[in-house]
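Student: Fold the following and give me the result.
(one chain, ligands or ions: 2)
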Amino acid sequence: MKEKPDYISEIRRMKAEKNAIILAHYYQTGDIQDIADFVGDSLALSQKAASNNADIILFAGVRFMAETAKILAPEKKILLPDINAGCSLADSCKAKDFKKFIKDNPGRTIVSYVNTTAEIKALSDIICTSSNAISIVNSLPFEEKIIFAPDRNLGNYVLNKTGRDIIVWNGTCHVHEEFSLEAILKLKEQNTDAKIIVHPECELPVRMVADYIGSTAALLKFTKEDNGNCYIIATEPGIIHQMKKENPYKTYIPAPPRDSTCGCSECNFMKLITIEKIYNCLKNEKPEIKLNEKLITAAQKPIKRMLEISGKTGN
Ligand code: 13P
Ligand code: SF4
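Tutor: Ligands and ions are numbered 1, 2, ... in the order given. The predicted structure follows:
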């Protein structure tokens with residue numbers, strides 16, 4: 001039987017040989033985060049994709065993230081180790097339906113979450129991530145009416161925080177909408193000193209019991225700087241890898257989903273990426289993300305507008 005290659009050292013060798021970098025989202029498994037050149041949330045990953053000296057970017061994340069990298073760095077080869085690594089939230093907003101929604105609600109500025117296809121980005125005025133959604137909306141003149149897509153939970157959270165006239169697209173992420181409020185409260189009863197920390201893609205009842213709400217990067221920063229010792233984490237549990245690295249002696253409890261048979265709230269799309277697939281992808285330089293030039297030009301404008309504002313506001 002043919003012996004398996006030493007994936008980790010081969011990946012390191014190929015990265016150097018091909019001038020490639022690996023960008024990984026916090027929801028990737030720990031082994032992948034550890035081999036990445038950069039680990040971050042959606043905002044930091046798009047900032048990194050826009051500014052680096054690599055010829056190849058391998059995205060350890062999902063398709064909309066790799067597409068965003070292609071839009072921001074069209075001259076580079078962008079690789080995604082499993083082309084089926086999609087996103088239920090991005091899938092909940094199809095370009096044909098969104099065009100009709102825009103037509104039915106004319107005169108509104110379109111703010112789209114980065115968790116969208118390139119086609120939706122091309123239809124948008126400005127992009128945001130969960131890190132900067134509030135500051136992006138606040139950067140628009142107060143009288144501007146807004147369409148926010150596609151996440152209804154993040155959209156309603158932003159609406160409440162900004163008091164703006166916002167119509168929200170009815171999409172959700174299958175991971176974040178599935179947290180069980182009942183199970184979270186039970187965990188809190190068993191761990192009275194625990195703080196409940198929640199991603200804004202979660203539903204309102206879960207957000208209402210939160211001690212802190214923030215993007216993955218913000219949750220990580222919170223656990224790093226907070227003086228507490230125990231946290232119930234209502235987002236994808238991949239983030240706990242970095243939390244443990246920052247503060248190994250604190251306790252991190254993943255919030256359970258409503259359907260207790262599936263155990264924990266992993267994103268099945270994020271978890272399609274494996275070390276073996278990264279090895280094969282870097283070796284064969286495929287699957288590669290390809291987008292037509294017209295789409296790249298149209299989608300680049302609203303992303304660059306976000307990056308410009310984020311550069312000024314610091315998030
Ligand atoms: P952030 O990386 O912006 O926290 O978003 C989380 C997410 O759902 C990415 O798919
Ligand atoms: Fe999409 Fe949700 Fe997975 Fe993020 S966690 S990639 S929003 S399905």
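Student: okay, and for the protein, where does confidence drop off?
Tutor: Judged by pLDDT under 70, the chain has its weakly predicted residues at 1, 260-263, 313-315.
Student: And the strands in it?
Tutor: 20-25, 38-40, 56-60, 77-79, 109-113, 126-128, 146-149, 166-168, 195-198, 212-213, 230-234, 251-254 (DSSP state E).
Student: Quick check: residues of the stretch 151-300 of the chain near ligand 1?
Tutor: Residues of the stretch 151-300 of the chain found near ligand 1 (C-beta under 6 Å from any ligand atom) are Cys173, Glu201, Ser215, Thr216. C-beta: built from backbone N, CA, C; applies to glycine.
Student: near ligand 2, from these?
Tutor: Cys173.
Student: And the residues of the stretch 151-300 of the chain next to ligand 1, which is closest to Ala36?
Tutor: For those, the closest approach to Ala36 (C-beta to C-beta) belongs to Thr216, at 14.5 Å.
Student: Burial check on that closest one, number of neighbours?
Tutor: Using other C-beta atoms under 10 Å, Thr216 has 25 neighbouring residues.
Student: got a list of contacts for the longest helix along the chain?
Tutor: Across the chain, the longest stretch assigned as helix under DSSP state H is helix 293-313. Contacting residues not belonging to helix 293-313 are listed as 43, 46-47, 50, 67-68, 70-72, 74, 112, 114, 118-119, 121-122, 124-129, 132, 135-136, 139, 291 [C-beta atoms under 8 Å, 6 or more residues apart in numbering].
Student: which among these end up buried?
Tutor: Neighbour-count burial (16 or more other C-beta atoms under 10 Å) applied to the contacts of helix 293-313 gives 43, 46-47, 50, 67-68, 70-72, 112, 114, 118-119, 121-122, 124-129, 132, 135-136, 139, 291.
Student: Which of the residues you listed fall within helices?
Tutor: Using DSSP H, the buried ones among the contacts of helix 293-313 in helices are 43, 46-47, 50, 67-68, 70-72, 118-119, 121-122, 135-136.
Student: re the thing from before, want to try JSON lines for the strands of the chain, with distance to ligand 2 as columns?
Tutor: Shown next, in JSON lines, are the strands of the chain (distance: least, C-beta to the nearest ligand atom, whole Å):
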{"stretch": "strand 20-25", "distance to ligand 2": "8"}
{"stretch": "strand 38-40", "distance to ligand 2": "14"}
{"stretch": "strand 56-60", "distance to ligand 2": "12"}
{"stretch": "strand 77-79", "distance to ligand 2": "17"}
{"stretch": "strand 109-113", "distance to ligand 2": "9"}
{"stretch": "strand 126-128", "distance to ligand 2": "14"}
{"stretch": "strand 146-149", "distance to ligand 2": "13"}
{"stretch": "strand 166-168", "distance to ligand 2": "16"}
{"stretch": "strand 195-198", "distance to ligand 2": "14"}
{"stretch": "strand 212-213", "distance to ligand 2": "16"}
{"stretch": "strand 230-234", "distance to ligand 2": "12"}
{"stretch": "strand 251-254", "distance to ligand 2": "13"}
